[in-house]
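1. task: produce atomic coordinates for the following.
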Amino acid sequence: MAGTPHDHSFHSIGRDHTAVVWDNSAEPVLEVQSGDTVELETIDASGGQLNQLSTAADVAQMDLTRVNPVTGPVYVKKAQPGDVLQVEILELKAHHWGWTAIIPDFGLLADEFPEPWLNISKVDASSRTVEFIDGVTLPFEPFPGTIGIAPEEPGQHSVLPPTKWGGNLDIKHLRVGTTLLLPVAVDGALFSVGDTHAAMGDGEVCGTAVESAMDIAVRLSVRKDLSIPYPQFHLPAGQLAHTEQSSYHVCTGVGPDLMEATREAVRATIAHIEQTYGRSRQEAYAIASVAVDLRIHEVVDAPNWVVGAFLPKAIFG
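-> The predicted structure is shown next:
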């Protein structure tokens with residue numbers, strides 16, 4: 001891990017310090033200096049409600065007020081409104097399993113998938129693979145789905161939607177080596193993180209990734225030389241290319257509504273997976289969520305826009 005317990009600039013927070021809301025009046029778990037490293041233990045996105053023996057029936061019974069817990073908050077000294085909190089992602093230590101679910105009334109195609117569904121994956125950090133379902137192996141590319149700081153507005157705010165302060169961004173490129181920049185809203189920033197994923201496609205279309213608890217180490221630094229309106233991040237050279245080595249089958253959606261074009265691209269991808277690989281419709285939807293990357297191809301040729309869904313063929317054994 002980046003740092004040791006004997007290093008005065010290294011700190012740690014256990015998974016017993018979690019919350020399911022953002023609240024700028026929350027008492028910080030610890031205070032750190034700018035440039036210090038913090039290791040935070042996270043709970044899986046179900047808040048511990050699912051385990052390796054869980055079934056779809058357990059998904060249907062989940063208490064959704066307990067999902068997406070974040071560990072923290074961390075008060076970063078000298079961070080003030082108008083500054084930027086720089087978050088360097090140093091290490092992610094995974095557990096050996098994860099889950100993916102179709103949750104009723106949640107996801108891009110919620111109306112078309114009303115029944116609960118659950119899959120348990122085997123996560124192998126040493127081989128950097130995720131055994132998703134028989135015949136489908138994903139690359140292990142861990143990242144935190146929810147990472148952010150306290151909002152400017154007082155009161156308690158749900159952790160589920162992303163905001164200008166970060167939160168449930170679900171940006172799969174926030175991997176080890178990436179630097180995230182967050183606009184600071186309150187003194188100390190009050191940083192928290194959770195909802196860690198072992199694998200996910202850009203879009204997370206069924207509403208879940210391969211959800212897996214992890215320990216994450218970050219370096220938190222105050223930047224007073226920057227001012228940004230929304231989160232930004234920096235990827236090191238080669239980081240993007242190394243995850244895109246597969247051949248791809250791409251389905252598009254075209255239309256005047258960007259969200260509906262996205263749905264059409266995903267529907268076509270689901271049909272392609274069913275027809276080409278013999279998967280059930282629910283399996284195909286989940287595969288699209290954990291492996292397919294959505295991209296906007298154009299938004300200038302009115303009245304129609306184009307969205308592509310990139311399916312990596314290498315995941316199929």
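2. need the longest helix for this structure.
-> When secondary structure is assigned using DSSP state H, the longest helix within the chain turns out to be helix 258-277.
3. may I see the buried residues of it?
-> Using 16 or more other Cβ atoms under 10 Å as the test for burial, helix 258-277 gives A261, T262, R263, E264, A265, V266, R267, T269, I270, H272, I273, Y277. All C-beta spots, glycine's among them, are computed from the backbone N, C-alpha and C.
4. and the last one, what does it touch?
-> Y277 sits next to G135, A284, F316 when contact means Cβ atoms under 8 Å, 6 or more residues apart in numbering.
5. look up which residues are beta-bridged to the last one.
-> In this case it means F316. Counting by DSSP bridges, F316 forms beta bridges with V136.
6. mind checking how far it is from H197?
-> To H197, F316 is 21 Å away according to Cβ to Cβ, to the nearest Å.
7. which of the two has more neighbours?
-> Per other Cβ atoms under 10 Å, whichever of F316 and H197 has more neighbours is H197, with 29 against 16.
8. over to the more buried one. Which of the three states is it?
-> Taking DSSP: H, G, I helix; E, B strand; the rest coil as the rule, one finds H197 in the strand state.
9. my read is that it contacts K172, right?
-> Yes. When contacts are counted by Cβ atoms under 8 Å, H197 is listed as touching K172 (7.3 Å).
10. can you list residues touching both of the two?
-> The contact lists of H197 and K172 share F143, A209, where a contact means Cβ under 8 Å, 6+ apart.
11. which residues does N68 contact?
-> V20, A45, G47, G145, T146, V159, L160, N168, G194, D195.
12. distance of the nearest residue to A60 once chain neighbours are set aside from V59?
-> With Cβ to Cβ, 6 or more residues apart in numbering as the criterion, A60 has its nearest non-adjacent residue at 4.3 Å, and that residue is P116. Distance check for P116 against V59: by Cβ to Cβ, it reads 4 Å.
13. of the two, who's got more company?
-> Between P116 and V59, counted using other Cβ under 10 Å, V59 has the larger neighbour count: 21 against 18.
14. now the more buried one: which helix or strand?
-> Here V59 sits within helix 56-60, counting by DSSP states H and E.
15. who are the packing partners of that helix?
-> Under the contact criterion of 3 or more Cβ pairs under 8 Å, 6 or more residues apart in numbering; DSSP states H and E, the helices and strands touching helix 56-60 comprise strand 97-102, strand 117-124.
16. check which helices and strands the shortest one sits against.
-> Think strand 97-102. helix 56-60, strand 117-124, strand 191-199, strand 210-211, helix 281-291.
17. please identify the most buried of the ones you listed.
-> Burial of those is given as mean neighbour count (mean count of other Cβ atoms under 10 Å); strand 191-199 ranks first at a mean of 29.
18. partners of that one in the sheet?
-> When pairing is defined by DSSP bridges, strand 191-199 lines up against strand 70-76 (antiparallel), strand 143-149 (antiparallel), strand 210-211 (antiparallel).
19. for the residue nearest to S54 when sequence neighbours are not counted, report the pLDDT, please.
-> What sits nearest to S54 in space, not counting adjacent residues and going by Cβ to Cβ, 6+ apart, is L118, at 6.2 Å. pLDDT recorded at L118 is 98.
20. same question, I102
-> We have a pLDDT of 98 for I102.
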